[in-house]
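Visitor: here's a sequence, model it:
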Amino acid sequence: MSFEKLLKDRYSVRGFKDIPVEQNKLDKILQAGILAPTAKNSQLQRFKVLVTPADLGLVDQCTPCRYGAPAVILICGIDNGNDWGKVGAVIATTAMMYQAWDLGIGSCWVQNFDADKTIKVFNLPEGLDPIAFLPIGYAREDMGTSRYHGVRKSIEEYLI
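Guide: Sure, this is the predicted structure:
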């Protein structure tokens, strides 16, 4: 698949089949997050893989947006006094989302969560900021792009 096709075809999946994500695919998705560029190669992104029923129940305590995914990656950034950890975590999330799609795995970037509760529920150490949840899995057949998926501003509207 070309990168342009991936960018055009990928969409946020909000309904997943009850099929586990294979470990080898999960490993490739995580590797994409590790390979993602970071400021001065600081590598301040951290991931928590959540696949057990108990873990997924904890996710559900923090966000209403798991959408039945059989796996969720909690992406965090180390706060080192600037935004490097947050920005690196965002870039890593993007890389993992695209890698997942390339492997036939759907995802949905979730920022609708209670950060303080997430820190507490997952016992995150001080200085580790939750940035996003990334539910992943195989999309249900009734899932597809939203009516806004193909709507894009012109290049001229982006240029300043």
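
Visitor: would you tell me which helix is longest in the protein?
Guide: With DSSP state H applied, the helix covering the greatest number of residues in the chain is identified as helix 84-102.

Visitor: show residues contacting that helix.
Guide: Under the criterion C-beta atoms under 8 Å, 6 or more residues apart in numbering, residues 1, 6-7, 9-10, 25, 28-40, 42-47, 73, 75-79, 106-107, 109, 129, 131-132, 134, 136 lie in contact with helix 84-102. For the C-beta atoms, the positions are set from N, CA and C on the backbone; glycine is no exception.

Visitor: go with 7 Å
Guide: With contact meaning C-beta atoms under 7 Å, 6 or more residues apart in numbering, helix 84-102 is reached by 1, 6, 10, 28-29, 32-33, 35-39, 42, 44-45, 73, 75-79, 107, 109, 129, 131-132, 134, 136.

Visitor: which residues in the protein form helices?
Guide: Assigned by DSSP H, the chain shows helices spanning 3-9, 23-35, 53-62, 84-102, 115-121, 155-158.

Visitor: the fifth one packs against which elements?
Guide: Applying 3 or more C-beta pairs under 7 Å, 6 or more residues apart in numbering; DSSP states H and E, one finds that helix 115-121 contacts helix 53-62, strand 128-137.
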